[in-house]
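1. A predicted structure for the sequence below; I have some questions about it.
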Amino acid sequence: MSTRRLDAHALRVWAHTAVDDLIVHTDEINRLNVFPVADADTGTNMLFTMRSAWAHVDAEPAGSDITAVAGALAAGALHGARGNSGVILSQILLGLAEVITAAAAQRDGDLSAVDGVLFGAALRHAGALVVTSMGEPVAGTIVSVLQAAAEGAEHCAAEGGDVADAAAAAGDAAAVALDRTPEQLDVLARAGVVDSGGRGLLVLLDAMTVTLTGHAPRRPAYTPAAPQPTLDAPAPPQFEVMYLLSGCGAAAVEGLRATLDQMGESVAIATSGGDQYSVHVHVDDAGAAVEAGLAVGTLTRIQITALTGAVGARPAGGWARERAVLAVVDGDGAAALFAGEGAHVLRPDDGEPISAQQLLRALIDVGAAQVMVLPNGYVAAEELVAGCTAAIGWGIDVVPVPAGSMVQGLAALAVHDAGRQAVDDGYTMAQAAAGARHGAVRIATEEALTWAGACKPGDGLGISGDEVLIVGPDVTAAAAGLIDLMMVAGGELITVLTGQDVDDTVGEALRAHVHRAHLGAELVTYRTGHRGDALLIGVE
């Protein structure tokens, strides 16, 4: 859904949309990256910075006002800033937050939404913060594109446009300015590209237009043209150094900037609006850059990355955890059940199949270097392969576990051990999933002839694979018959997952049946609330 109102809810939606759109355009942005260092990571850095901002917003309580949401975006971006472009993005979000906070204060806290005038003012203030963080601005970079976007939004608002009009105007003005960047910066012209940071900003502005109007602006594919011949360029610095700095005053920060300017290049020091700063520099002596920060304050989140030889950079070493499990589940109870066992969950939207793009987004959001995937029957094979392949391109070691039902997924999750090597863990989980025979009970909706006989509406159908093996007068009878068939090959544990419209008495009746008919076997039920099949049954 879209709205022409930029309130707290719309800001949350925009953050989510921006992350999705950056995932789509990351490779395109990376291929354009030649300034200040041709390390092909601008898109990656903007994505992971925006993802950190989104994560902070997602942690905000439901019902938080627009000031709190904007502040969470800015704080998340500063704490998760990656690279020069990430530092700049953090200042853009800080500009939005500070303008919203100031406007709310002027109105005694009575500010529920941003209008076109405030949107233009936020972009203008963001431009000033970016220039302050970078020191001397360079024409033909994201700064030029941001300034043009501010002018476009301000002009539209002055003509009476609402915030959706202003956002669209900002995007269109940014696109025009982006096309001009090779004329302003020789290194771009020589490489045959537009500015990569400016392209990333255009993605964010277009995501705002989509959020507010529901319509995505049409943009050309920005691909490198034939580069111009050049003389050999000087070798770039060897390392990118980043850290969060606190416990010092503004004068000490400016002194640090001067010191880092002498050591290297691409110095950017972004403020949080308080007493914390995000520091970025490209240098040959990484230790000296860290020591310079230690001399003026307290450092946290120190990151040192080799720049030489980086192509299509991915977040190697930047994941929050080593290994995790991602389970695709349906139903509130299922989500709570799998999350309670330590898995991250991905849920289908309104019963729609999971797409490769949704799977990729979820794999990135897990934030782990290795992810064991439990599709549980909710991801088509081609989408699973495409999503996992794309995630591997992001540097994620993905191991899809062949779980065709949530009961198989639970069996696999029960033996997951992050202490094992990924291949061993995946093999053990796959064995457990395969060892859980599974079936389902569905309610017939029409008269039909099945392999087990005729059925009529309301009958219970016991299904294994694609075949109806049991026709019963109701769900309980069909489930009891299916369990009896599945137990012919033996078993000790029967797991029954009940769907959203199934009464609790069904589980109680099945437990009594198993107690009478299958001595020594245990039956456990979980109310998962899934859609579709009334029951999912597994036997181990």
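-> Thanks, I have it. The shown structure was predicted, so the numbers you read here are calculated from the model rather than taken from an experiment.

2. In three-state terms, label V398 for me.
-> Following DSSP: H, G, I helix; E, B strand; the rest coil, the label given to V398 is strand.

3. so who does it touch?
-> Contact analysis of V398 by Cβ atoms under 8 Å, 6 or more residues apart in numbering lists L363, Q370, V371, V373, C388, A391, I392. Just so you know, the C-beta spots here come from the backbone N, C-alpha and C atoms, and that holds for glycine as well.

4. repeat for L244
-> Going by Cβ under 8 Å, 6+ apart, L244 touches L78, H79, Q276, Y277, S278, V279, L299, T300, R301.

5. can we see that at 10 Å?
-> Residues near L244 by Cβ atoms under 10 Å, 6 or more residues apart in numbering: 78-79, 81, 270, 272, 276-279, 293, 297-303.

6. Just give me how far the strand or helix carrying I302 sits from the chain centre.
-> Per DSSP states H and E, I302 falls inside strand 298-306. Distance of strand 298-306 from its chain centroid, counting by Cα atoms, centre = their mean, to the nearest Å, is 23 Å.

7. buried set for it?
-> By 16 or more other Cβ atoms under 10 Å, the buried positions in strand 298-306 come out as L299, Q303, I304, T305.

8. and those residues, which two are the farthest apart?
-> L299 and T305 (15.9 Å; Cβ to Cβ).

9. Which of the contacts of V398 are buried, as a PyMOL select command?
-> Buried residues within those, by 16+ other Cβ under 10 Å, are selected in PyMOL with:
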select buried, resi 363+370+371+373+388+391
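
10. would TSV of the contacts of V398 with distance to V193 and secondary structure be doable?
-> Formatted as TSV, these follow (distance: Cβ to Cβ, whole Å; DSSP: H, G, I helix; E, B strand; the rest coil):
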residue	distance to V193	secondary structure
L363	29	helix
Q370	34	strand
V371	33	strand
V373	35	strand
C388	30	helix
A391	27	helix
I392	26	helix
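
11. closest to V57 among the contacts of V398?
-> Checking the contacts of V398 against V57 by Cβ to Cβ gives L363 as the nearest, at 20.3 Å.

12. Surely the closest one is in contact with I354?
-> No. Here L363 lies out of contact with I354, judged by Cβ atoms under 10 Å, at a distance of 11.4 Å.

13. Domain parsing of this structure, as residue ranges.
-> 1-216, 239-306, 322-434, 437-539 (automatic domain parsing).

14. what distance separates the first one from the centre of its chain?
-> Its chain's C-alpha centre lies 17 Å from the corresponding centre of domain 1-216 when counted by Cα atoms, centre = their mean.

15. model confidence over it, on average?
-> Taken as a whole, domain 1-216 has a mean pLDDT of 92.

16. Over to the shortest one?
-> Domain 239-306 carries an average pLDDT of 86.

17. what's the answer for the last one, then?
-> Model confidence over domain 437-539, given as mean pLDDT, is 91.

18. can you give me the end-to-end distance of that domain?
-> By Cα to Cα, to the nearest Å, the extent of domain 437-539 from end to end equals 5 Å.

19. Tell me how far that domain lies from the chain's centre.
-> Mean-position distance between domain 437-539 and its chain equals 37 Å (Cα atoms, centre = their mean).

20. The third one now?
-> Domain 322-434 sits 15 Å away from the centroid of its parent chain (Cα atoms, centre = their mean).

21. distance between the ends of it?
-> End to end - Cα to Cα - domain 322-434 spans 26 Å.

22. wait, what's in contact with G458?
-> Applying Cβ under 10 Å, 6+ apart to G458 gives the contacts I443, A444, T445, P473, D474, V475.

23. and the two most separated of these?
-> Greatest spacing in those, by Cβ to Cβ: T445 and P473 (15.4 Å).

24. A225: which of the domains of the chain is closest?
-> Across those, closest to A225 is domain 1-216 (Cβ to Cβ), at 3.3 Å.

25. Look up how far A18 lies from the nearest residue to D7 once chain neighbours are set aside.
-> Spatial nearest neighbour of D7, excluding adjacent residues (Cβ to Cβ, 6 or more residues apart in numbering): A113 at 4.2 Å. Going from A113 to A18 by Cβ to Cβ, to the nearest Å gives 18 Å.

26. Those two: who's more crowded?
-> A18 (27 against 17; other Cβ atoms under 10 Å).

27. Would you map the helices across the stretch 151-300 of the chain?
-> 163-184, 186-191, 196-213, 250-263, 286-294 (DSSP state H, counting those that start in this stretch).

28. Would you indicate which residues of the first one are buried?
-> Think helix 163-184. Residues of helix 163-184 classed as buried: 163-175, 177-178, 180-182 (neighbour count, 16+ other Cβ under 10 Å).

29. how about R199, what does it touch?
-> 25, 28-33, 42-43, 46, 142, 145, 174-175, 178, 181, 193, 219, 222.

30. Buried ones among those?
-> For these, buried by 16+ other Cβ under 10 Å: 25, 28-33, 42-43, 46, 142, 145, 174-175, 178, 181, 193, 222.

31. among those residues, which are in strands?
-> Among the buried ones among the contacts of R199, the subset assigned to strands under DSSP state E is empty.

32. gap between the residue lying closest to G293 once chain neighbours are set aside and V290?
-> Spatial nearest neighbour of G293, chain neighbours left out: L299 (5.0 Å); criterion: Cβ to Cβ, 6+ apart. Between L299 and V290 the computed distance is 7 Å (Cβ to Cβ).

33. now A15
-> 31 Å.

34. pLDDT at the most centrally placed residue in the chain, what is it?
-> The structure's the chain has its C-alpha centroid closest to D365; by Cα atoms, centre = their mean the separation is 4.1 Å. For D365, the model assigns a pLDDT of 87.

35. Also E322?
-> pLDDT at E322 comes out at 86.

36. The host helix or strand of it: partners in the sheet, and parallel or antiparallel?
-> With secondary structure defined by DSSP H and E, E322 is part of strand 321-328. Using DSSP bridges, the strands paired with strand 321-328 are strand 344-346 (parallel), strand 368-374 (parallel).

37. right, so of the ones you listed, which gets closest to A252?
-> Closest to A252 of the strands paired with strand 321-328, according to Cβ to Cβ: strand 368-374, at 36.2 Å.

38. Quick one: mean pLDDT for that closest one?
-> pLDDT averaged over strand 368-374 gives 93.

39. Now L212: closest residue in space, sequence neighbours ignored.
-> The shortest distance from L212 to any non-neighbouring residue, by Cβ to Cβ, 6+ apart, is to A164 (3.9 Å).

40. Contact partners for that neighbour?
-> Contact analysis of A164 by Cβ under 10 Å, 6+ apart lists 2-6, 10, 116, 119, 156, 208-209, 211-215.

41. ok, 8 Å please
-> A164 sits next to R4, T209, L212, T213 when contact means Cβ under 8 Å, 6+ apart.

42. Make a markdown table from those and add distance to D501 and neighbour count to it.
-> Formatted as a markdown table, the contacts of A164 follow (distance: Cβ to Cβ, whole Å; neighbours: other Cβ atoms under 10 Å):
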| residue | distance to D501 | neighbour count |
| --- | --- | --- |
| R4 | 38 | 15 |
| T209 | 40 | 24 |
| L212 | 38 | 24 |
| T213 | 38 | 16 |
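
43. which of the residues you listed are the two that sit furthest away from each other?
-> The most widely separated members of the contacts of A164, counting by Cβ to Cβ, are R4 and T209 (10.6 Å).

44. who's in contact with L497?
-> A334, M406, V407, T525, Y526, T528, H530, L535, L536, I537.

45. now do T223
-> Neighbouring residues of T223 by Cβ under 8 Å, 6+ apart: E28, R31.

46. Quick check: the gap between it and R180.
-> Distance, T223 to R180, using Cβ to Cβ: 17 Å.

47. Ok, A40 next?
-> 23 Å.

48. Likewise for D330?
-> Distance of D330 to R180, given as Cβ to Cβ: 49 Å.
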